[in-house]
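> I would like the atomic coordinates for the input below:
(one chain, ligands or ions: 3)
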Amino acid sequence: MTSLREELRANTLDLPNPARLNADQVRGGHCCWCNTALTAETAVDLGERRHPTHWFPRCCPTCIRAADHAHVGMCETCVETPAACQTAATLKQLVREHSRTPPPGPRPIAYCNWHRGLSDTALLVRITEEGSGGENGMLYACQNCRTQHGLTPLAEHTT
Ligand SMILES: [Zn+2]
Ligand SMILES: [Zn+2]
Ligand SMILES: [Zn+2]
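Ligands and ions are numbered 1, 2, ... in the order given. You can find the predicted model right below:
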């Protein structure tokens, strides 16, 4: 990742003038474009700058996407030879890094029919063994029991 930041610093990515930004934006706590408060998950690190002042531009995922679009629209290199533009490649990389779907919320707790207890890793499984029993064939197994009994969660079946 270091090389990516180096790349950004060397690049002429259009950043707002830090002199016109508020203290939160200058220290990277807020998006340097839209002033949204950032968290560790949402902040896109644009690389520490030392000019014109020492500041830490960071932005939100929405703005990095907008910056990517804006760049492609006004960059001559991107129009003529898209593959040759390092700024575009860097922006795309940042967009990709920050467009991951957020981690799922707390898992629902379900009853594991195998060890007969509640578990937060229990998933609906297809029965491949006989004698396992269960209501309506709807059986849940926790991660441990799935490994032990060679059970496959229904969601992982492709057909
Ligand atoms: Zn923003
Ligand atoms: Zn470009
Ligand atoms: Zn279990």
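
> show me how far the helix or strand in which residue 71 is found is from its chain's centre.
Using DSSP states H and E, residue 71 sits in helix 61-74. Offset of helix 61-74 from its chain centre (Cα atoms, centre = their mean, to the nearest Å): 17 Å.

> what mean pLDDT does it get?
Mean pLDDT, computed over helix 61-74, is 91.

> and for stretch 13-27?
The model assigns stretch 13-27 a mean pLDDT of 92.

> ok, the residue nearest to residue 46 when sequence neighbours are not counted - contacts?
In space, and not counting its chain neighbours, residue 46 is closest to residue 57: 4.2 Å by Cβ to Cβ, 6 or more residues apart in numbering. Bear in mind the C-beta positions are built from the backbone N, C-alpha and C, glycine included. Taking Cβ atoms under 8 Å, 6 or more residues apart in numbering as the criterion, residue 57 is in contact with 15, 18, 25, 28, 32, 46, 47, 49.

> 6 Å instead?
15, 32, 46 (Cβ atoms under 6 Å, 6 or more residues apart in numbering).

> same list (these) but as TSV, adding distance to ligand 1 and secondary structure.
Shown next, in TSV, are the contacts of residue 57 (distance: Cβ to the ion, whole Å; DSSP: H, G, I helix; E, B strand; the rest coil):
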residue	distance to ligand 1	secondary structure
15	12	coil
32	8	coil
46	11	coil
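
> how about the helices in this structure?
Along the chain, the stretches classed as helices by DSSP state H are 2-10, 23-26, 61-74, 76-80, 86-97, 143-149.

> for these, which one sits closest to ligand 1?
Smallest distance to ligand 1 across the helices of the chain (Cβ to the ion): 3.2 Å, for helix 61-74.
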